[in-house]
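J.: quick one, what's the 3D model for this:
(one chain, ligands or ions: 1)
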Amino acid sequence: MKAVVLAGGKSSRMGQDKALMKMSGKTMIQHVVDNLAKVFDEVFISGNRSGDPVPMNVIKDRYEQKGPMEGIRSALEHCQEDIFVCSCDMPFVSTELMKDILQRRAENKISIAECEGKVYPVLGIYPYVVLDVLANSIKNDRLRMTRFLEQQDAHYIQYDESFRPQFLNINTPESFWEAERMINKLELLKIRTDET
Ligand SMILES: Nc1nc2c(ncn2[C@@H]2O[C@H](COP(=O)(O)OP(=O)(O)OP(=O)(O)O)[C@@H](O)[C@H]2O)c(=O)[nH]1
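T.: Numbering: from 1, shown residues only. Sure thing, here's the model as predicted:
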């Protein structure tokens, strides 16, 4: 299976391109790409990006202003097989979590992560068989991912609160600061453990 990092959004809540914001010396998108590359053979970036320092295969949206749904549609069309999708603003998703989603997926169904009752439409697996229905939804301007998932009877893979840090979705300055605090705390903990 190929992996796709969704990174074609406007970042309006963040006020700057969140994919390229640095955390622990690396851009958020690079964190996601690096982890995906440990699990999947090929990693693509979805979005009409050019001229930024992401040295990757980019799959451009065919239709603009259609949101993540079009990113997923274009990626399915390009890859011609099932794809694993992760958003560029979820840099704490671990390789273990990726593998767990893979293991617990339902064959030929959209399989999506859910943590503490919250659905994450941009973390999970979209099978190739949904390409036509996705295209149809976009054509009719039905762009709400959660509604689409309900209509498609998606398979939700549940995670409890112990996974909460991995589901941190960094799309506002406040969530970025929260992430930085989390990293500092972890680093402090690591120093203390190393000292003992
Ligand atoms: N390929 C592609 N990806 C998108 C598009 N819109 C959003 N995404 C990605 O989908 C994921 C979730 O997007 P959101 O955070 O809901 O939207 P956003 O536009 O990035 O940010 P806001 O403007 O703050 O809502 C992010 O990884 C985005 O980069 C799009 O039109 N095309």
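
J.: and what about the closest residue to the ligand within the chain, helix, strand or coil?
T.: Closest approach between the chain and the ligand, counting by Cβ to the nearest ligand atom: G9, at 2.0 Å. Placement of C-beta: from N, CA and C, glycine included. Three-state assignment for G9 (DSSP: H, G, I helix; E, B strand; the rest coil): coil.

J.: count the neighbours of it for me.
T.: Using other Cβ atoms under 10 Å, G9 has 21 other residues around it.

J.: so for stretch 155-163, mean pLDDT?
T.: For stretch 155-163, mean pLDDT rounds to 97.

J.: try stretch 63-78
T.: Regarding stretch 63-78, the rounded mean pLDDT is 96.

J.: roughly how far out does that stretch sit from the chain middle?
T.: 14 Å (Cα atoms, centre = their mean, to the nearest Å).

J.: for the residue of the chain closest to the ligand, give me its contacts.
T.: K18, G47, G67, P68 (Cβ atoms under 8 Å, 6 or more residues apart in numbering).

J.: how about 10 Å then?
T.: 17-19, 46-47, 67-68, 71, 87-89, 122, 171 (Cβ atoms under 10 Å, 6 or more residues apart in numbering).

J.: ok, H155 next?
T.: Residues in contact with H155 (Cβ under 10 Å, 6+ apart) are 104-112, 114, 124-125, 149.

J.: any idea how many residues pack against I138?
T.: Residue crowding around I138 was assessed by other Cβ under 10 Å; the count is 20.

J.: so is stretch 23-32 next to the ligand?
T.: No: applying Cβ under 6 Å from any ligand atom, one finds stretch 23-32 separated from the ligand by no less than 8.7 Å.

J.: list of residues touching the lengthiest helix in the chain?
T.: Ranked by residue count and defined by DSSP state H, the top helix of the chain is helix 173-195. Helix 173-195 has contacts (Cβ under 10 Å, 6+ apart) with 13-16, 18, 21, 23-24, 28, 89, 91-92, 165, 168-170, 172.

J.: what subset of the contacts of G9 is also close to the ligand?
T.: Okay, of the contacts of G9 touching the ligand (Cβ under 6 Å from any ligand atom), that's S46, G47, G67, P68, G71, S87, C88, D89, V122, N171.
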